[in-house]
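Q: here's my sequence, what's the structure:
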Amino acid sequence: MNHITMHGTLTVNGRIVIVHVGDSEATVTVDGTHFNVRSLWQLYQLLRLLV
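A: Numbers count the residues shown, from 1 in each chain. Alright, predicted model coming up:
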């Protein structure tokens with residue numbers, strides 16, 4: 001079985017966003033605050049809130 005993992009950091013309006021997707025879960029950390037994300041749609045909505 002293949003496991004695909006994505007991990008990245010980006011800056012949105014001066015806020016540091018860390019994204020980790022893999023092993024059937026996704027988490028986002030925004031300036032130290034941790035969020036569980038259940039879909040790409042939720043990730044998109046969270047990023048829209050920062051813009």
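Q: what about this structure, any weak spots by pLDDT?
A: Filtered on pLDDT under 70, the chain yields the residue ranges 1.
Q: which other helices and strands contact the host helix or strand of Gly8?
A: Assigned by DSSP states H and E, Gly8 belongs to strand 6-12. In terms of contacts (3 or more Cβ pairs under 8 Å, 6 or more residues apart in numbering; DSSP states H and E), strand 6-12 is packed against strand 15-22. To be clear about C-beta, it is placed using only N, CA and C from the backbone, and glycine gets the same treatment.
Q: contact partners of the strand it packs on?
A: 3-11, 26-31, 43, 47, 50 (Cβ atoms under 8 Å, 6 or more residues apart in numbering).
Q: and what of stretch 34-42?
A: With Cβ under 8 Å, 6+ apart as the test, stretch 34-42 has contacts from Glu25, Ala26, Thr27, Val28, Thr29, Leu43, Leu46.
Q: of the residues you listed, which belong to strands?
A: Cross-referencing the contacts of stretch 34-42 against strands under DSSP state E gives Glu25, Ala26, Thr27, Val28, Thr29.
Q: quick one, phi/psi of Gly32?
A: phi 90, psi -10 (degrees, to the nearest 10).
Q: number of nearby residues for it?
A: 7 (other Cβ atoms under 10 Å).
Q: right, I'll call it a day here.
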